[in-house]
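In: here's my sequence, what's the structure:
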Amino acid sequence: MRTGGVRLKTIFRCLIALTAVAISILPSHSSAQALRDRISDLFIFGPGQAPLFLAGSGDPNNPASLQAHGLHFIPSSNAENASLIAFISDALGASVANIPIGSTSGGETFRFEGGVPVRTSTSAGPIFAERAQTLGRGRVLAGISRTGFRFATLRGVDMGNIDLTFTHQNVDFPGCDTQFGADCSLYGVPVLENDAMDFHLSMDLDVRVTSMYITYGVSDRFDLGLVVPIVQAEFRGESDAQIRPFGGTTAAHFFAGTADNPVLTAHRQSLGSAGGLGDVALRAKLNLRETPDASFAFLVDGRFPTGSEKDLLGSGKFAGRALVILNSRIGDFSPHVNAGYLHHAGTQQNDAVLGTVGFDDRMAESVTLAADLVTELQVGDSKLHLPGLVTYDAPFRRTLTPTNIPEIRDDIVNGSFGVKVTPARNTTLVLNTLFPLNRGGLRPNLVYTAGIEYTF
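Out: Residues are numbered from 1 along each chain as shown. Got it, this is the predicted structure:
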């Protein structure tokens, strides 16, 4: 009983220390503006203006007939333009919150037989997969890790080479048919509806995550865990815009200047950083069967919306997963399979079917090699909506593609390769790389993780 009390006090102290470290390393915001707003800045051409508002056309000194043209591209007037901007910002926000979490039970695992601990594993375990073995009654795993990555592609398109085309609002008003001598319900009547705004975007989003975690063996078959991530995100973006008039001698849409001497190009830059608490995770694992050759377990975890959605530190919604875990052991070689389901409560991310297959192998007395194929397969049609082809009816029928981002599934397939090194008893160093094997969704070229764990 006394030993149990000491254990609980130790765990309590670990939790206090974990919280204190989290608070001490919380970085401050670089500005009062939220990081998500920094993305919108790439589409704003003047202080206090709405995205895509054309200050040149909308200048109050212009005739009233020309002022209205300043509003014809803004997202509130054109659903397709709103979809393009929302797709970019939602993809960035949702992907930062989907940070991978490491295994719940690294190092050696035990069960008690007649009060004597019996080892149930030989290797130090996988890194981004789960094994069925639990820590053992009263044992504690505490650790800290650092994960870093930079988003490189969006559905296979280089983040520095994204093309968007914003289209004109379909204008129709009383007397329009008479004024222009044609049916204004047709897209392309009047002719100025054929004007378009081309954008070239270059964006960088660097993310660093410091995760502090603790897992406690409630019994020989049941573990509880807590993960507290501190997220730092830095955004840099540039946009080059070009208005493409369809025809005519007098410009109707321009960023600055006059109708006779219009400025048809614009350049924007946006910088920002944010840091703070990410989405905290709680995990529980139940070992259902344990034999010398094979083990079977069930794991559930939930990520709670504790991170700021506006600063791209969290998803803003709950996410939970359930996994079935099966692993076997052939000497020091331990293959494993994880299969399960991921549920996102928000409107920006799809649920996913999860599958991981791999192995961990004790290569030497203090070195474990871990390799995995990690998949997350989208359920249903993507919730990140891109506008479809834009069809013009006049002066001749044709279509326009609004972006070079393809309409594909956001399936995620990653490879994971790393090592665990045990330099001293109960202490494990973790080094791992995670790399994409396909290009669905918003992806980095490489995710690195380094950490240290202590078991007692």
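In: could you pull out the strands in the stretch 251-400 of the chain for me?
Out: Per DSSP state E, counting those that start in this stretch, the stretch 251-400 of the chain carries strands over the ranges 256-257, 262-263, 265-277, 281-290, 294-303, 319-328, 333-344, 352-364, 367-378, 390-392, 398-400.
In: sketch out the low-pLDDT regions of this structure for me.
Out: When the per-residue scores of the chain are filtered using pLDDT under 70, the ranges that remain are 1-32, 65, 104-122, 248-249.
In: so what's the closest residue to Lys310 other than its chain neighbours up against?
Out: Residue nearest to Lys310 in three dimensions, not counting chain neighbours: Ala34, with 3.7 Å by Cβ to Cβ, 6 or more residues apart in numbering. Glycine gets a C-beta too; all of them are placed from N, C-alpha and C. Contacts here follow Cβ atoms under 8 Å, 6 or more residues apart in numbering; on that basis Ala34 touches 274, 308, 310-311.
In: picking that back up, wait, which of the strands of the stretch 251-400 of the chain is closest to Asp90?
Out: The closest approach between Asp90 and any of the strands of the stretch 251-400 of the chain, judged by Cβ to Cβ, belongs to strand 333-344 at 12.2 Å.
In: now the angle between strand 367-378 and the closest one, please.
Out: With axes from the mean of the first three to the mean of the last three Cα atoms, to 10 degrees defining the directions, strand 333-344 sits at 30 degrees from strand 367-378.
In: for strand 333-344, name the packing helices and strands.
Out: With contacts defined as 3 or more Cβ pairs under 8 Å, 6 or more residues apart in numbering; DSSP states H and E, the secondary structure elements packing on strand 333-344 are strand 319-328, strand 352-364.
In: the last one pairs with which strands?
Out: In other words, strand 352-364. Strand 352-364 sits in its sheet next to strand 333-344 (antiparallel), strand 367-378 (antiparallel), going by DSSP bridges.
In: OK, contacts around Arg398?
Out: Each residue near Arg398 by Cβ under 8 Å, 6+ apart is listed here: 391-392.
In: Pro51 versus that one, what's the distance?
Out: Shown here: Arg398 relative to Pro51, a distance of 26 Å by Cβ to Cβ, to the nearest Å.
In: got it, and Gly346?
Out: 22 Å.
In: with His344 instead?
Out: The span separating His344 from Pro51 equals 26 Å under the rule Cβ to Cβ.
In: between these two, tell me which one has more neighbours.
Out: Set side by side, His344 and Pro51 show more neighbours around His344, with 22 against 18, by other Cβ atoms under 10 Å.
In: please name the bridge partners of Asp240.
Out: The residues listed as beta-bridge partners of Asp240 by DSSP bridges are His200, His267.
In: okay, buried residues for stretch 260-275 please.
Out: Of the residues in stretch 260-275, those buried by neighbour count under the rule 16 or more other Cβ atoms under 10 Å are 262, 264, 266, 268, 270, 272-275.
In: to clarify, my last question referred to stretch 151-160.
Out: 151-155, 157, 159.
In: restricted to strands, list those.
Out: Applying DSSP state E to the buried residues of stretch 151-160, the entries found in strands are 151-154, 157.
In: which one of those is nearest to Tyr213?
Out: Ranking those by separation from Tyr213, with Cβ to Cβ as the measure, puts Phe151 on top at 24.2 Å.
In: need the contact list for the closest one.
Out: The neighbours of Phe151, taking Cβ under 8 Å, 6+ apart as the test, are 92, 95, 159, 203-205, 207, 442-444.
In: dump the residue contacts of the residue lying closest to it once chain neighbours are set aside.
Out: Nearest in space to Phe151, with sequence neighbours left out and distances taken as Cβ to Cβ, 6+ apart, is Leu205 at 4.8 Å. Contacts here follow Cβ under 8 Å, 6+ apart; on that basis Leu205 touches 92, 96, 150-151, 159, 233-235, 312.
In: what about the helices in the chain?
Out: Listed in chain order, the helices of the chain (DSSP state H) span 2-24, 35-40, 64-67, 79-96, 176-180.
In: contacting residues for the closest residue to Phe333 other than its chain neighbours?
Out: If the residues on either side of it in the chain are set aside, Phe333 comes closest to Asp361, at 4.8 Å by Cβ to Cβ, 6+ apart. For Asp361, the set of contacting residues under the criterion of Cβ under 8 Å, 6+ apart consists of 123, 332-334, 368-370.
In: of those residues, closest to Pro245?
Out: Distances from the contacts of Asp361 to Pro245 were compared by Cβ to Cβ; the smallest belongs to Ala370, at 58.2 Å.
In: from Gly316, how far out is that closest one?
Out: Here the distance between Ala370 and Gly316 works out to 32 Å (Cβ to Cβ).
In: tell me which of these two has more neighbours.
Out: Just comparing Ala370 and Gly316: by other Cβ under 10 Å the higher neighbour count belongs to Ala370, 27 against 18.
In: and the closest residue to Gln269 other than its chain neighbours, what does it touch?
Out: Across the structure, with Cβ to Cβ, 6+ apart as the measure, the residue nearest Gln269 apart from its sequence neighbours is Glu238 (5.2 Å). Contact partners of Glu238, counting by Cβ under 8 Å, 6+ apart, are 42, 201-203, 267-270.
In: okay if I get those residues as TSV plus distance to Thr422?
Out: Written out in TSV, the entries for those read as follows (distance: Cβ to Cβ, whole Å):
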residue	distance to Thr422
Leu42	48
Leu201	46
Ser202	44
Met203	41
His267	54
Arg268	51
Gln269	48
Ser270	46
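In: which one among the residues you listed gets closest to Gly355?
Out: When the contacts of Glu238 are compared for distance to Gly355 (Cβ to Cβ), Met203 comes out closest, at 30.5 Å.
In: number of nearby residues for that closest one?
Out: Burial of Met203, expressed as a neighbour count using other Cβ under 10 Å, amounts to 20.
In: and the contacts of Ala34, which are buried?
Out: Among the contacts of Ala34, those scoring as buried are 274, 308, 311 (criterion: 16+ other Cβ under 10 Å).
In: correct me, but the last one touches Arg38?
Out: No. Distance between Asp311 and Arg38: 9.6 Å, which falls outside the contact criterion (Cβ atoms under 8 Å).
In: so what's the residue lying closest to Phe222 once chain neighbours are set aside bridging to?
Out: Counting by Cβ to Cβ, 6+ apart, the nearest residue to Phe222 once its immediate chain neighbours are dropped is Leu286, at 5.4 Å. According to DSSP bridges, the partner residues bridging Leu286 are Phe222, Phe298.
In: tell me the contacts of Leu286?
Out: Leu286 is in contact with 134, 221-222, 297-299, counting by Cβ under 8 Å, 6+ apart.
In: I'd like those residues written out as JSON lines, with distance to His168 and neighbour count added.
Out: Conversion of the contacts of Leu286 to JSON lines gives the following (distance: Cβ to Cβ, whole Å; neighbours: other Cβ atoms under 10 Å):
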{"residue": "Thr134", "distance to His168": "61", "neighbour count": "27"}
{"residue": "Arg221", "distance to His168": "64", "neighbour count": "19"}
{"residue": "Phe222", "distance to His168": "61", "neighbour count": "16"}
{"residue": "Ala297", "distance to His168": "58", "neighbour count": "26"}
{"residue": "Phe298", "distance to His168": "55", "neighbour count": "15"}
{"residue": "Leu299", "distance to His168": "52", "neighbour count": "22"}
